[in-house]
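> Mind looking at a prediction? Sequence and model below.
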Amino acid sequence: MSTLHDLSWPEYSALSIEQKVPLLARPDGMPYHTLFAQQFGRKELDRICALATKIRFIAKSREGMAFLAGLLPHKRAMIYFTQPSSRTFLSFLSACQILGMRTGEVRDSAVSSEFKGESREDSIRTFSSYFDLIVMRTQEKGLAEHSAWALSSSDRPVPILNAGSGKDQHPTQALLDIYTLHRSFEKRGGLRNRTVMYVGDLARGRTVRSLSNLLTNYEGIRHVFVAPPQLQIGQDILDMLRAHGAEYEVSDDMRAWLPRVDAVYMTRIQDEWDETKGESARIDTSRFKIGPDEMRLLGPNAILMHPLPRRDEISTECDSDPRAKYWRQMRNGMWVRTALIAATFDCGEAIDRY
Ligand code: NCD
């Protein structure tokens with residue numbers, strides 16, 4: 001079987017996602033580079049969820065924390081974020097700290113040599129010379145993938161974790177969303193035959209794209225996409241769901257669906273992608289917001305999620321409702337990213353044995 005570095009970039013990019021997955025995997029099937037959601041099958045998802053739960057319990061004691069911090073003190077991570085971020089950045093930073101890694105960061109290409117005209121490829125190669133892991137968030141779709149390919153023919157092909165690329169993918173957010181769904185339904189029949197409703201900017205929100213992909217690993221999930229017509233989900237996602245035999249609905253009536261769903265996944269209007277100034281502000285989004293009235297329509301066992309940051313799509317009055325899971329979801333991000341880094345560096349068994 002060929003490996004990533006046997007292929008030229010045109011040869012690699014012509015492959016289907018299914019053909020790419022084994023080229024990016026470790027021998028145990030876990031991703032080596034985590035670039036897109038499709039790299040996770042049910043086995044990998046179950047493993048990440050189980051590891052995250054173990055780590056969460058181990059981290060409750062001083063001895064446990066010391067054990068975790070002893071796992072990767074010999075590895076350093078570069079956190080390279082050229083798009084704004086609070087949660088993803090801080091949770092990756094915390095995850096590295098929990099595992100005893102030291103970190104470096106560039107959060108603005110204006111302060112790196114890119115400003116002097118260095119190519120992204122050379123910047124990444126530079127990071128790989130000093131660090132053993134690169135976590136990256138970029139505006140550019142496909143840059144994480146290209147970087148993984150470019151490093152594969154260098155003498156330091158360090159793992160790359162995609163922490164958000166363009167409007168396209170946000171695989172680690174999808175992992176923490178899955179973990180939150182898994183934890184919420186664990187004691188109530190599990191995450192099968194559930195209806196998940198996504199609301200908001202589905203055209204430009206990468207979190208929904210990655211999450212709907214991961215949810216195809218669970219039986220009987222029905223997807224409901226609710227947005228103003230201008231911000232509806234892309235046809236490629238609907239085609240992907242159809243190919244998996246998953247049921248879906250496209251609607252602009254959130255209130256009609258609220259009583260019928262198990263999980264609501266709210267998202268922010270992603271106006272940073274507007275092509276003309278003020279374009280999003282002209283769209284009527286008033287029917288895509290949740291406050292106390294909408295919470296009354298939502299079923300008693302349903303949950304409310306949001307990748308955050310929020311604006312006004314969920315009012316703060318919802319925060320104390322036990323069905324609101326977004327703060328827990330955020331903390332889950334730290335455990336899931338710790339689990340992913342641990343798996344990337346083969347620490348899973350040591351954690352199992354603890
Ligand atoms: C999201 C992102 O950056 O894609 N946030 C996150 O990672 N938690 C969604 C957003 O910015 O709205």
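Looks like it arrived, so ask away.

> What count of nearby residues applies to the residue nearest to Gly142 when sequence neighbours are not counted?
Take Gly142 and drop its neighbours on the chain: the residue closest to it by CB to CB, 6 or more residues apart in numbering is Ser165, 6.7 Å away. C-beta here means a position set from N, CA and C on the backbone, and glycine is covered the same way. For Ser165, the count of nearby residues is 24 (other CB atoms under 10 Å).

> now Ser113, nearest residue through space, not along the chain?
Nearest one to Ser113, counting by CB to CB, 6+ apart, is Ser123 at 6.7 Å.

> and what of Glu118?
Ser112 (7.5 Å).

> ok, back up a step: which element is the residue nearest to Ser113 on?
If you go by DSSP states H and E, Ser123 is part of helix 120-130.

> For that helix, output the C-alpha coordinates as PDB.
Extracted C-alpha coordinates of helix 120-130, given in PDB (Å, rounded to 0.1, in the frame of the first residue of the first chain):
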ATOM      1  CA  ARG A 120       2.800  28.800   4.700                       C
ATOM      2  CA  GLU A 121       4.600  25.600   3.700                       C
ATOM      3  CA  ASP A 122       7.900  27.000   4.900                       C
ATOM      4  CA  SER A 123       6.300  28.200   8.200                       C
ATOM      5  CA  ILE A 124       4.900  24.700   8.800                       C
ATOM      6  CA  ARG A 125       8.200  23.100   8.100                       C
ATOM      7  CA  THR A 126       9.800  25.500  10.600                       C
ATOM      8  CA  PHE A 127       7.300  24.600  13.300                       C
ATOM      9  CA  SER A 128       7.900  20.900  12.600                       C
ATOM     10  CA  SER A 129      11.600  21.500  13.300                       C
ATOM     11  CA  TYR A 130      11.000  22.700  16.800                       C
END
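
> Please identify the buried residues of that helix?
Arg120, Ser123, Ile124, Arg125, Phe127, Ser128 (16 or more other CB atoms under 10 Å).

> just curious, which of those is nearest to the ligand?
In terms of CB to the nearest ligand atom, no member of the buried residues of helix 120-130 lies closer to the ligand than Arg120, at 19.2 Å.

> Give the burial count for the closest residue to the closest one other than its chain neighbours, as a bare number.
Excluding its sequence neighbours, the residue lying closest to Arg120 (CB to CB, 6+ apart) is Leu143, at 6.4 Å. Counted with other CB under 10 Å, the neighbours of Leu143 add up to 20.

> And the helix holding Ser123, what does it pack against?
Counting contacts by 3 or more CB pairs under 8 Å, 6 or more residues apart in numbering; DSSP states H and E, helix 120-130 packs against strand 76-81, strand 102-106, strand 133-138, helix 143-152.

> Tell me the strands beside the shortest one, with direction?
Taking DSSP bridges as the criterion, strand 102-106 forms sheet pairs with strand 76-81 (parallel).

> Are the very next helix or strand once past the strand it pairs with and the ligand in contact anywhere?
Moving toward the C-terminus from strand 76-81, the next helix or strand (DSSP H and E) is helix 87-98. Yes - Helix 87-98 lies within reach of the ligand by CB under 6 Å from any ligand atom, at Arg87, Thr88.

> So for helix 87-98, mean pLDDT?
Averaged over helix 87-98, pLDDT sits at 98.

> and that helix, which residues are buried?
For helix 87-98, the neighbour count (16+ other CB under 10 Å) marks Arg87, Thr88, Phe89, Ser91, Phe92, Leu93, Ser94, Ala95, Cys96, Gln97, Ile98 as buried.

> What lies in contact with it?
55, 59, 65, 68-69, 77, 79, 81, 102-103, 105, 107, 133, 135, 137, 161, 163-164, 172-173, 307-309, 330, 333-334, 337-338, 340-341 (CB atoms under 8 Å, 6 or more residues apart in numbering).

> centre of the chain versus it, how much separation?
Relative to the chain's own centre, helix 87-98 is displaced by 14 Å; criterion: CA atoms, centre = their mean, to the nearest Å.

> and Val21, how many residues sit next to it?
18.

> what's near enough to touch it?
Per CB under 8 Å, 6+ apart, neighbours of Val21: Gln38, Gln39.

> Relative to the ligand, how far out is it?
Distance from Val21 to the ligand, counting by CB to the nearest ligand atom, to the nearest Å: 22 Å.

> Need the three-state assignment for that residue.
When classified by DSSP: H, G, I helix; E, B strand; the rest coil, Val21 comes out as helix.

> hmm, back to that, mind putting the buried residues of helix 120-130 into JSON lines with pLDDT?
Shown next, in JSON lines, are the buried residues of helix 120-130 (pLDDT from 0 to 100):
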{"residue": "Arg120", "pLDDT": "87"}
{"residue": "Ser123", "pLDDT": "91"}
{"residue": "Ile124", "pLDDT": "94"}
{"residue": "Arg125", "pLDDT": "95"}
{"residue": "Phe127", "pLDDT": "96"}
{"residue": "Ser128", "pLDDT": "97"}
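
> how deep is the residue nearest to Glu118 tucked in, by neighbour count?
Ser112: 16 surrounding residues under other CB under 10 Å.

> In contact with it, which residues are there?
Here Ser112 is in contact with Val106, Glu118, Ser123 (CB under 8 Å, 6+ apart).

> I'd guessed the first one sits against Ser113; true?
Read it as Val106. No - between Val106 and Ser113 there is no contact under CB atoms under 8 Å: 9.8 Å.

> Could you check the pLDDT of the nearest residue to Phe81 once chain neighbours are set aside?
Spatially, and ignoring its direct neighbours in sequence, Phe81 is nearest to Arg137 (4.3 Å; CB to CB, 6+ apart). We have a pLDDT of 96 for Arg137.
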